[in-house]
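# Sequence plus the predicted model coming up.
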Amino acid sequence: MRSYTAPRSRRPERHRNTALALSVLTLLVTALVVGCNSDSPTDPGVPVPPPPTGVTATAADGSITISWKTLSDVTGYTIYWDTVGHVDSGDSSFDAAAPPFLHNGLTNGTTYYYRVGSQSKTGPGALSGQVSATPSGAIGVRTIACGKSSSFLVDGNGNVHAWGANDDGQLGIGSFSRALTPTVVTGITDVVAISSNGHHTLALTGSGKLYAWGYNTDGELGNGGNQPAWSPTQVSGPTDFAAIAAGKHYSVGVTSDGRVWAWGSNVGGHLGLGYEGGVVLVPTLVMTSVLNTPGMIAAGDATSFFKPDDTATNGVAVYSWGSNIGGVLGRDDGNDSTIGNTPGIIAGTVNVTAISIRYIHVLALRRGGSVLAWGGNSDGELGDGTTVNGDTPNPVNLVQDVQAVAAGTMHSLALGTDGRIMAWGGNSFGQLGDGTYNSSPVRLWVNNLTNITMIAAGESHSLALRDDGTLWSWGNNTYGQLGDGGVAGQLEPVRVSGY
């Protein structure tokens, strides 16, 4: 009987072939899975979308709009961003179908950086070049101002932004902590004018109501008490103020009918009430109306000034009252120390259209663009080439007509009609902005600033607003009054954070 024995070599051959096929299949599946999960095609011959071009970032209040040129055969885009300064595909991202893309809920004053990538059926493309923008809460600017060592800006919506020294709550931000960058003052809106000197601040609203905050030991807040306030509190009395000014430890204001009011310390007779000494806790009448028009008001260390609105034919001069240290009253007191206890006119000031004072020297702008100066001159702040005090108004020798003036404690600024700033006087903190610490009794130019529309001067720092809405500062920065986020002084203008 014959038996059948299967060939031993055929069965192992079939198993080897099956195993080989399975191995190849596994490799193919693995490669397919890896290829599907890859960020880019593994085949260098497969085209990927190019990086987007024309990328821009445009800032607004609390938002930035990112735009770019659209690409063909693209299924979508990814916007990568951070606030550090170097963006890559590991950063936060948003998907977008097409440009533009609005990034909302941002912090004003913080710079955001972006790169845009495109997506296609073949995978992601390379990222675009990096762009950046800084959102700002300022929708235009109504005015800027300096305190002694603090700074203020009122935006186009009437909101106050404050920064710098705050030891007495003069910033109005709800605390006594200094601020190194612009911080919104809450509890007040529609502000049209702001003034700060020493350690308290006044803010006037469009409706005529007056608010104050900061130091109040001498009643300079005008609310009937003597307790400090670190947030806005309404001033008692009239509700139709049209002009305001904060002195060192007192305040003055003009109502819409042209009456002048004062409150706070009266040590030097600077309230103009006919006597020296004491404090006044609420606005008290100083002058009845001259022309039934409000006019301008200014207050220094202990001297006040008022000029009614008029035309050139009215012939109304500037009134002054208070201390006459350094001849700051601008009128001969005949050695009578009581002459400043009541308002009196300053000769030669009929054509004055603007007045600025902080300590004991005065700058006055006249029709036609010329400037007068008088008072203390120890650092050459009168701009006459000397350091001799001037007790009556004298012309400042400038090279062009002027559209605005600002008096610091020991320095002076004048904005020329060409948009450049002239500066003179003390410069121990670089407040003249010429890149040095050298004081100058004659005018020089602030470096690297053109197209300026507004200026302001503090004790030893300066501010300037350019026509593009950017805000610049220079000088002393011990308390963060330059608003650039640090405390290092600057000899030349630097950008205020967020502006």
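Sure thing, it's come through.

# how is this protein carved up into domains?
Domain ranges of the chain: 56-133, 141-495, per automatic domain parsing.

# Of all the ones you listed, which one comes closest to residue 47?
Judged by Cβ to Cβ, the one of those that comes nearest to residue 47 is domain 56-133, at 6.5 Å. The way it works is simple: take the backbone N, C-alpha and C, and place the C-beta from them, glycine included.

# weakest of the domains of the chain by average pLDDT?
In terms of average pLDDT, domain 56-133 trails the rest of the domains of the chain, at a mean of 87.

# Now do the end-to-end distance for that one.
9 Å (Cα to Cα, to the nearest Å).

# Check stretch 477-489 too.
Termini of stretch 477-489 sit 5 Å apart (Cα to Cα).

# Could I get the buried residue list for it?
477, 478, 479, 480, 481, 482, 483, 484, 489 (16 or more other Cβ atoms under 10 Å).

# hmm, back to that, and the domains of the chain as JSON lines, adding distance to residue 50?
Below are those laid out as JSON lines (distance: least, Cβ to Cβ, whole Å):
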{"stretch": "domain 56-133", "distance to residue 50": "6"}
{"stretch": "domain 141-495", "distance to residue 50": "34"}
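
# Deepest-packed of those, please.
The highest mean neighbour count among the domains of the chain, using mean count of other Cβ atoms under 10 Å, belongs to domain 141-495: a mean of 21.

# my guess is residue 172 meets residue 233, correct?
No: the pair residue 172 / residue 233 is not scored as a contact, 9.4 Å apart, by Cβ atoms under 8 Å.

# coming back round to it: what about the buried residues of stretch 477-489, which are in strands?
In strands, judged by DSSP state E, none of the buried residues of stretch 477-489 are found.

# Distance to residue 310 added to the residues you listed, as CSV?
Below are these laid out as CSV (distance: Cβ to Cβ, whole Å):
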residue, distance to residue 310
477, 40
478, 42
479, 40
480, 41
481, 36
482, 38
483, 37
484, 41
489, 42
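
# what's the closest of those to residue 52?
residue 484 (33.0 Å).

# For the closest one, which residues are in contact?
180, 181, 473, 477, 490, 494, 495, 496, 497 (Cβ atoms under 8 Å, 6 or more residues apart in numbering).

# Now the two most distant members of these.
Greatest spatial distance in the contacts of residue 484: 181 and 490, 14.7 Å, computed using Cβ to Cβ.

# in the sheet, who's paired with the residue nearest in space to the middle of the chain?
Relative to the mean C-alpha position of the chain, the nearest C-alpha, by Cα atoms, centre = their mean, is the one of residue 153, at 4.9 Å. Under DSSP bridges, the beta-bridge partners of residue 153 are residue 144, residue 161.

# ok, now residue 412?
Taking DSSP bridges as the rule, residue 412 bridges to residue 407, residue 424.

# What ranges does the stretch 301-450 of the chain have for its strands?
303-307, 318-322, 344-346, 352-357, 361-366, 371-375, 390-395, 402-407, 411-416, 421-425, 440-445 (DSSP state E, counting those that start in this stretch).

# Dump those strands to CSV, plus distance to residue 207.
Output for these, formatted as CSV (distance: least, Cβ to Cβ, whole Å):
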stretch, distance to residue 207
strand 303-307, 22
strand 318-322, 27
strand 344-346, 32
strand 352-357, 24
strand 361-366, 28
strand 371-375, 34
strand 390-395, 35
strand 402-407, 26
strand 411-416, 30
strand 421-425, 33
strand 440-445, 40
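
# which ones are touching residue 159?
Per Cβ under 8 Å, 6+ apart, neighbours of residue 159: 137, 184, 185, 189, 191.

# End to end on stretch 460-474, go ahead and measure it.
9 Å.

# Stretch 364-383 now?
Stretch 364-383: ends 13 Å apart by Cα to Cα.

# swap in stretch 425-442?
7 Å.

# Other residues contacting it?
Contacts of stretch 425-442 (Cβ under 8 Å, 6+ apart): 377, 379-387, 397, 408-412, 421, 423-424, 444-447, 449, 457, 460-462, 474-476, 489-493.

# Wait, the residue nearest to the centre of the chain touches residue 160, no?
Yes: in this structure residue 153 lies within contact range of residue 160 using Cβ under 8 Å: 7.5 Å.

# Helix, strand, or coil at residue 289?
Following DSSP: H, G, I helix; E, B strand; the rest coil, we place residue 289 in the coil state.

# again, but for residue 93
Here residue 93 takes the strand state, with states given by three-state DSSP.

# how far away is the closest residue in space to it that isn't next to it in sequence from residue 106?
What sits nearest to residue 93 in space, not counting adjacent residues and going by Cβ to Cβ, 6 or more residues apart in numbering, is residue 80, at 4.8 Å. Using Cβ to Cβ, to the nearest Å, we find residue 80 at a distance of 16 Å from residue 106.

# returning to what we had before: spit out the contact partners of the residue nearest to residue 93.
Applying Cβ under 8 Å, 6+ apart, we find residue 80 in contact with 87, 88, 89, 91, 92, 93, 114, 115, 116, 117, 127.

# out of these, who's nearest residue 355?
For these, the nearest to residue 355 is residue 114 (47.5 Å; Cβ to Cβ).

# What is the helix or strand that contains the closest one packed up against?
Counting by DSSP states H and E, the element that carries residue 114 is strand 112-120. Strand 112-120 sits against strand 63-67, strand 76-82, strand 131-133, with contacts defined as 3 or more Cβ pairs under 8 Å, 6 or more residues apart in numbering; DSSP states H and E.

# Without its sequence neighbours, what residue ends up closest to residue 415?
Using Cβ to Cβ, 6+ apart, the closest residue to residue 415 is residue 404 (4.2 Å).

# Relative to residue 372, how far out is the one you found?
14 Å.

# Residue 172 too?
33 Å.

# How about residue 115?
Residue 115 is 56 Å from residue 372, by Cβ to Cβ.

# I'd guessed residue 240 sits against residue 210; true?
No: at 9.5 Å, residue 240 does not count as touching residue 210 under the criterion of Cβ under 8 Å.

# returning to what we had before: next, the angle strand 76-82 makes with the strand holding residue 114.
Interaxial angle, strand 112-120 versus strand 76-82 (axes from the mean of the first three to the mean of the last three Cα atoms, to 10 degrees): 160 degrees.

# Now distance to residue 99 and secondary structure too, for the contacts of residue 159, in a markdown table please.
A markdown table is the format used below for the contacts of residue 159 (distance: Cβ to Cβ, whole Å; DSSP: H, G, I helix; E, B strand; the rest coil):
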| residue | distance to residue 99 | secondary structure |
| --- | --- | --- |
| 137 | 25 | coil |
| 184 | 31 | strand |
| 185 | 37 | coil |
| 189 | 35 | coil |
| 191 | 38 | strand |
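
# wait, which of those is closest to residue 356?
Closest approach to residue 356 among those (Cβ to Cβ): residue 191, at 19.6 Å.

# Am I right that the closest one is in contact with residue 205?
Yes: with contact defined as Cβ under 8 Å, residue 191 reaches residue 205; the gap is 5.8 Å.

# any residues in contact with both of those two?
residue 158.

# got the residue ranges for the helices in the protein?
Along the chain, the segments classed as helices by DSSP state H run 10-37.

# if we can go back for a sec, out of the strands of the stretch 301-450 of the chain, which gets nearest to residue 293?
Nearest to residue 293, of the strands of the stretch 301-450 of the chain and by Cβ to Cβ, is strand 303-307 at 10.3 Å.

# How far off centre is the closest one?
27 Å (Cα atoms, centre = their mean, to the nearest Å).

# can you check stretch 445-456 too?
With Cα atoms, centre = their mean, you get 14 Å for stretch 445-456.

# For it, give me every contacting residue.
141, 143-146, 151, 404-406, 413, 415, 419-423, 432-435, 462-468, 472, 474, 492-493.
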